[in-house]
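>>> what's the 3D shape of this:
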Amino acid sequence: MSNTIDNANDTRLSARAADLADSEMDVLLSRTANSKAWYERALHSLPMGVPSSFQAGDPYPIYIERGSGVTVTDVDGNDYLDFHGGFGVGICGHAHPKIVEAVDRAVRSGTHFAAPTPVTVELAEELCRRFGLDQVRFANSGTEATMDAIRVARAATGRELVVKIEGSYHRHHDTVMFSVLPNSDAVGGRELPPTTPMSLGIPADVAKHTAVVPFNDAQAFADLVAARGDEIACLIMEPVMMNVGIIEPDPGYLQALRDLCDANGSVLIFDEVKAGATVDAGGAQARYGVKPHLSCYAKALFGGTPGAAFGGEAAVMDIISNGAAQMGTFNGNPLVAAAGLACLTEVLVPEAYERMAVLGDRLAAGCQEAIDATGIPAHTVSLAAKGCVSFRSERSRNYRDFLETKPQLFGAAFPWALNRGLFMTPGDEEQWTLSVQHTEADIDRYVEVFGAFCHALAQD
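Okay, here's the model as predicted:
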């Protein structure tokens, strides 16, 4: 009987969500005529009308004209409180005075030389200090950082097999474009087998060099080590999964993986492109107390500029001095380095994390209160500057749990939020990012809008 009731509730909620999504989308389209015009113009010069496929929207994305503080303004003049945060980049907010000052100084003294500069060395020293790294190298995006870290791991071990976590996203180079949520719908659905590439254009042979294990299952990795240990160069993983809402590691899980990699002579790589400098001042390894051999960083560390880095133990990084190629014309350029140094030393100070943790908990608690009051199948997660509402009643432990979420509910929540002045990430697998410039009033506005959505959704 209970299954029948649950199914009936699911059907009712789905129907209500579909009605809300239709009505809210009609309102959104009526408010964004200029975004539509820019989209139609962009189609002539940009595939899908956007510079990155993640920015595409249905039927078109919102085109942003400017940002200041915690507000972004679209090309139609609509203002939004920004909880999108550029997929995690915007932890400083927009046009933070310290970042503006650093970038202005860099622009006036030269943005690029393709030669080392003092500010690049200073930023490297700060990254090593903050994240407990022996050595670091710079890149320009999370894709480059994870790609380079894998190359270094393969070179250091003399092995080729890369192990990744089921459903995780480690940017868009060929080796890791297997068992990935983003783009999976375009090539057949979320439940594709691990050997299915998440993009066209990836050679079939690449799959031979990538293996997949589930998150929060150390035994699965142990079994793979027992079977193929002499092939495994590295295990690359997000220590806290962040492309499926947010899924935290079970107690002891990360340490078990480190121990297995040590025993097998494999390299453990933490992809902290999203978690680094958002979930803790020292990233996920500080929050969960486990150090990998290598870590990858981007997004929040560079003050809104396109920077990235990877680094870790000298015993592994030394291979760069002994034959492993790692290069890039723009790596560590003085513009990005100046913004990153100001971000890490002048903006993301300890008291900033204390404040963001308070605001994040306030946001998650307010949303959870609305969820509990209305019986909507959802839960919240709060990790300092990061957090989310995930439309599944119980917390998820892995990708398969995430497949039980209800994306149709998010499909209604997204235009609802935009129509009430909240700028949100456009996928149910994403999170909010708080900035040092958010206030309690901003948080309360989010809670108010989300609470109204829950009550509208729960109406018969």
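>>> just give the nearest non-adjacent residue to Ala275, would you?
Among residues not flanking Ala275 along the chain, Ala284 sits closest, at 4.1 Å (CB to CB, 6 or more residues apart in numbering). C-beta here means a position set from N, CA and C on the backbone, and glycine is covered the same way.
>>> cool, and Glu122?
Closest to Glu122 by CB to CB, 6+ apart is Leu341, at 5.7 Å.
>>> so the one you found is in contact with Val121, correct?
No - between Leu341 and Val121 no contact is recorded; they are 10.2 Å apart, counting by CB atoms under 8 Å.
>>> have a look at those two and say which one is more surrounded.
Leu341 (23 against 12; other CB atoms under 10 Å).
>>> what residues are up against the more buried one?
Ala102, Val119, Glu122, Leu123, Glu126 (CB atoms under 8 Å, 6 or more residues apart in numbering).
>>> scan the residues you listed and report the most crowded one.
Leu123 (29 neighbours).
>>> could you list the low-confidence segments of the chain?
Applying pLDDT under 70 to the chain picks out residues 1-8, 182-189, 193-194, 460.
>>> which helix of it spans the most residues?
Ranked by residue count and defined by DSSP state H, the top helix of the chain is helix 2-31.
>>> mind giving me the packing neighbours of it?
helix 407-419, helix 440-458 (3 or more CB pairs under 8 Å, 6 or more residues apart in numbering; DSSP states H and E).
>>> at 6 Å instead, please
helix 407-419 (3 or more CB pairs under 6 Å, 6 or more residues apart in numbering; DSSP states H and E).
>>> the helix it packs on: how far from the chain's middle?
In terms of CA atoms, centre = their mean, to the nearest Å, the centre of helix 407-419 is found 20 Å from the chain centre.
>>> same question, stretch 389-401
So, by CA atoms, centre = their mean, the centroid of stretch 389-401 is 17 Å from its chain's centroid.
>>> same check, this time on stretch 372-392
How far stretch 372-392 lies from its chain's middle: 17 Å, per CA atoms, centre = their mean.
>>> please apply the same query to stretch 35-49.
With CA atoms, centre = their mean, you get 26 Å for stretch 35-49.
>>> hmm, who's touching that stretch?
Ala56, Tyr60, Ile62, Tyr63, Val75 (CB atoms under 6 Å, 6 or more residues apart in numbering).
>>> if we can go back for a sec, which strand or helix spans the residue nearest to Glu122?
helix 334-342 (DSSP states H and E).
>>> neighbours of Gly31, just the number please.
If you look again at residue 31, you'll see it is Arg, not Gly. Arg31 has 16 nearby residues by other CB under 10 Å.
>>> tell me how far it lies from Ser45.
Relative to Ser45, Arg31 is positioned 25 Å away (CB to CB, to the nearest Å).
>>> swap in Phe178?
31 Å.
>>> out of these two, which sits in the more crowded spot?
Between Phe178 and Ser45, counted using other CB under 10 Å, Phe178 has the larger neighbour count: 24 against 7.
>>> how about the closest residue to that one other than its chain neighbours, what does it touch?
Distances taken as CB to CB, 6+ apart put Thr210 closest to Phe178, at 5.0 Å, once the chain neighbours are dropped. Applying CB under 6 Å, 6+ apart, we find Thr210 in contact with Val162, Thr175, Phe178.
>>> buried subset of the contacts of stretch 35-49?
For the contacts of stretch 35-49, a burial check counting by 16 or more other CB atoms under 10 Å picks out Tyr60, Ile62, Tyr63, Val75.
>>> just how off-centre is stretch 41-52 within its chain?
Distance, centroid of stretch 41-52 to centroid of chain: 23 Å (CA atoms, centre = their mean).
>>> could you do stretch 62-72 as well?
Its chain's C-alpha centre and that of stretch 62-72 lie 20 Å apart, by CA atoms, centre = their mean.
>>> what segments of the stretch 1-150 of the chain are helices?
Remark: helices assigned in the stretch 1-150 of the chain by DSSP state H, counting those that start in this stretch are 2-31, 33-42, 85-88, 97-109, 118-131, 142-157.
>>> next secondary structure after the last one?
Just to be clear, that refers to helix 142-157. Following helix 142-157 toward the C-terminus (DSSP H and E): strand 161-165.
>>> other residues contacting that next one?
Against strand 161-165 from outside (CB under 6 Å, 6+ apart): 150, 175-176, 209-212, 215, 231-237.
>>> between that strand and helix 142-157, how many degrees?
130 degrees (axes from the mean of the first three to the mean of the last three CA atoms, to 10 degrees).
>>> adjacent strands (with direction) for strand 161-165?
strand 210-213 (parallel), strand 232-237 (parallel) (DSSP bridges).
>>> which among the ones you listed is found nearest to Gln135?
strand 232-237 (17.1 Å; CB to CB).
>>> flag every buried residue along the closest one.
In strand 232-237, counting by 16+ other CB under 10 Å, buried: Ile232, Ala233, Cys234, Leu235, Ile236, Met237.
>>> for the helix or strand just after it, packing partners?
Counting by DSSP H and E, the next helix or strand C-terminal to strand 232-237 is helix 253-264. Judged by 3+ CB pairs under 6 Å, 6+ apart, helix 253-264 is in contact with helix 218-228.
>>> chain center to the helix it packs on, what's the gap?
For helix 218-228, the distance to the chain centre is 27 Å (CA atoms, centre = their mean).
>>> can you give me the domain boundaries for the chain?
If you go by automatic domain parsing, the domain ranges for the chain are 2-31+62-91+349-458, 97-347.
>>> need those domains in a markdown table (columns: distance to Pro51).
Output for the domains of the chain, formatted as a markdown table (distance: least, CB to CB, whole Å):
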| stretch | distance to Pro51 |
| --- | --- |
| domain 2-31+62-91+349-458 | 11 |
| domain 97-347 | 12 |
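>>> in the host helix or strand of Ala315, which residues are buried?
Secondary-structure assignment from DSSP H and E places Ala315 in helix 314-317. For helix 314-317, the neighbour count (16+ other CB under 10 Å) marks Val316, Met317 as buried.
>>> now the helices for the stretch 251-400 of the chain?
253-264, 283-288, 314-317, 334-342, 350-374, 399-402.
>>> ok, which of those comes nearest Thr433?
Evaluated over these, closeness to Thr433 peaks at helix 350-374, with 9.7 Å, by CB to CB.
>>> now do the closest one against helix 440-458, angle only.
Interaxial angle, helix 350-374 versus helix 440-458 (the same axes, to 10 degrees): 20 degrees.
>>> which residues are in contact with helix 350-374?
Here helix 350-374 has contacts from 281, 378, 380, 382, 384-385, 387, 389, 434, 436, 438, 443, 446-447, 450-451, 454-455, 458, using CB under 6 Å, 6+ apart.
>>> kindly report the same for stretch 166-180.
Contacts to stretch 166-180, defined as CB under 6 Å, 6+ apart, come from residues 142-143, 146-147, 162, 164, 181-182, 194, 197-199, 202, 206, 210, 212, 214, 236, 238, 243-244, 271, 399.
>>> please consider this matter closed, and thank you.
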